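**Student:** Sequence first, then the predicted structure, then my questions.
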Amino acid sequence: MASVDIKGISVGYGNNTVLNDISLSIKDGESLAIVGPSSCGKTTLLRALCGFNKISQGEIYIGDKLVSSAKKRVSISPEKRNIGVVFQDYAVWPHMTVLENVVYPLRKQKVPKVQAQERAMKAIAQVKMTEYAHRLPSQLSGGQQQRVALARALVSSQNLIVLDEPITNLDATLREEMSYEIQQLQRELGVTIIYITHDQETAMTIADRMAIMNNTGDIQQIGTPEEIWTKPVNQYVYKFLGVSNFIPVVYENGRIKIVDENMSMTIENKGLEENTEYMMASRPIEIKLVEAKKGDEGFIGKMNRVTYLGDQFDYFVEVGVHTIRVHQDSYDAFQNGVPEEGKYYRLDFSQPQFYTMNEQAVALEGEVD
Ligand SMILES: Nc1ncnc2c1ncn2[C@@H]1O[C@H](COP(=O)(O)OP(=O)(O)OP(=O)(O)O)[C@@H](O)[C@H]1O
């Protein structure tokens, strides 16, 4: 097992600095998912950690060992860092069978043959490839090759495994199974895992903590999946976790009013300041629709579109100039009546977040009515 300390590193390609002054600490035995949009620099970060990319600033420690330092000109070679790696292109050696691919790193570590075979077969079973152990990669699908690469990383290091989008080619069911296997394995072996993905659902399944990067390669928030979900520090993180609604509001006389609309609702809190504008953020599943009656107060909207998605309904509700997305569990909708297009509904928000115009999250106390 190993902790990882990335201290103020900068990494780039030629004149293009991709990561600028990034710091990140991963605890011994922890699984950390690094999540961010395409080409924000996730792979570059992992490559720097593994020693494939040079850093131009900062230091990297694996456990107590300094493995990269720009100032001290330290750059330990990748094979000496003792990291199990799966990169996106899941390169497995084409001339070796599945078993030979997975045994290879163990043989390089001079693990005795019988023991190496046993450990390899166990890892192959964990990625559900036992029946393919003697096939060549050319006889496997892309997803199966990805699982072989995963098994090879699992046996490569008992310390630290880094996985760069290792299960993206799998269908949803297998992806879920593999996420679960990775999580189990991390718990059983206590190995430290750094997992890169742009899929926040996989990240939430696997990770003890998540680090959310923005498109310029800066880390916006690090926290447990629950912290990230319930207290996103800014609108970027909020949006990153899925479909979300943002309504500009102003807080006046104990009520929040939609900017430029004649609609307001009471709110009991001590966090918002009088006569101040905020962006109110809300997730579709955290809004309840109640059929509006004449004279009703609150945020009232007209149902524009009702779409049945199987397990839930997806609604587009027009609230003034804003289109608000609402999701409702299908069972609940069938029990209580499916909303109808053209009718008016009041939107009850269960746990909206408020962000100041300079992006700071406001900690609310009390409930929204
Ligand atoms: N070998 C390279 N030479 C020059 N530029 C590169 C190289 N590898 C990556 N880049 C650039 O660095 C930036 C970050 O790439 P990186 O692969 O780290 O992103 P990523 O977050 O892993 O993306 P994705 O999720 O799409 O894999 C991109 O703009 C990319 O074009």
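**Tutor:** Received the coordinates, thanks.
**Student:** What helix or strand is the residue nearest to I60 when sequence neighbours are not counted located in?
**Tutor:** Leaving aside its chain neighbours, I60 sits nearest to S68 (4.1 Å; criterion: CB to CB, 6 or more residues apart in numbering). Yep, even glycine has a C-beta here, placed from its N, CA and C like the rest. S68 belongs to strand 65-69 when assigned by DSSP states H and E.
**Student:** If you count contacts, what does that strand end up packed against?
**Tutor:** strand 57-62, strand 74-75 (3 or more CB pairs under 8 Å, 6 or more residues apart in numbering; DSSP states H and E).
**Student:** make it 6 Å
**Tutor:** Other helices and strands packing on strand 65-69, by 3 or more CB pairs under 6 Å, 6 or more residues apart in numbering; DSSP states H and E, are strand 57-62.
**Student:** tilt between the strand it packs on and strand 65-69?
**Tutor:** If you take axes from the mean of the first three to the mean of the last three CA atoms, to 10 degrees, strand 57-62 sits at 150 degrees to strand 65-69.
**Student:** by contact count, what packs against strand 57-62?
**Tutor:** Right, strand 57-62 is packed against strand 4-13, strand 65-69 by 3+ CB pairs under 6 Å, 6+ apart.
**Student:** do you know how far K239 is from N245?
**Tutor:** When distance is defined by CB to CB, to the nearest Å, K239 is 10 Å away from N245.
**Student:** so which of the helices and strands packed on strand 57-62 gets nearest S179?
**Tutor:** Nearest to S179, of all these, is strand 4-13, at 21.2 Å by CB to CB.
**Student:** Now the residue positioned nearest the centre of the chain: phi and psi?
**Tutor:** Compute the mean C-alpha point of the chain, and by CA atoms, centre = their mean the closest residue is Q200, 3.1 Å away. Dihedral angles of Q200 (phi, psi; degrees, to the nearest 10) stand at phi -70, psi -20.
**Student:** Domain parsing of this protein, as residue ranges.
**Tutor:** As recorded under the TED database, the domains making up the chain are 4-235, 243-356.
**Student:** So which of the ones you listed has the densest surroundings on average?
**Tutor:** Ranked by mean neighbour count, the domains of the chain are led by domain 4-235 with a mean of 18 (mean count of other CB atoms under 10 Å).
**Student:** Okay, now it: how far is its last residue from its first?
**Tutor:** End-to-end distance for domain 4-235, by CA to CA, to the nearest Å: 29 Å.
**Student:** what is the mean pLDDT for that domain?
**Tutor:** Domain 4-235 shows a mean pLDDT of 89.
**Student:** ok, it near the ligand or not?
**Tutor:** Yes - Domain 4-235 reaches the ligand (CB under 6 Å from any ligand atom) through Y13, V18, G36, S38, S39, C40, G41, K42, T43, T44, Q88, H198.
**Student:** helices or strands up against the longest helix anywhere in the chain?
**Tutor:** Looking across the chain with DSSP state H, the single longest helix is helix 172-189. Helix 172-189 sits against helix 200-206, with contacts defined as 3+ CB pairs under 6 Å, 6+ apart.
**Student:** can you list the residues that contact the helix it packs on?
**Tutor:** Helix 200-206 is contacted from outside by S31, A33, V35, S179, I182, Q183, Y195, T197, M210, P225, L241, using CB atoms under 6 Å, 6 or more residues apart in numbering.
**Student:** The same query, at a cut-off of 10 Å, please.
**Tutor:** Contact partners of helix 200-206, identified using CB atoms under 10 Å, 6 or more residues apart in numbering, comprise 31-35, 163, 165-168, 172, 175-176, 178-183, 186, 193, 195-197, 199, 207, 209-212, 224-226, 228-229, 240-242.
**Student:** repeat for stretch 130-140
**Tutor:** 90-102, 117, 120-122, 124-125, 129, 141, 144-149, 151.
**Student:** just to revisit the earlier point, restricted to helices, list the residues of domain 4-235 next to the ligand.
**Tutor:** Using DSSP H, the residues of domain 4-235 next to the ligand in helices are K42, T43, T44.
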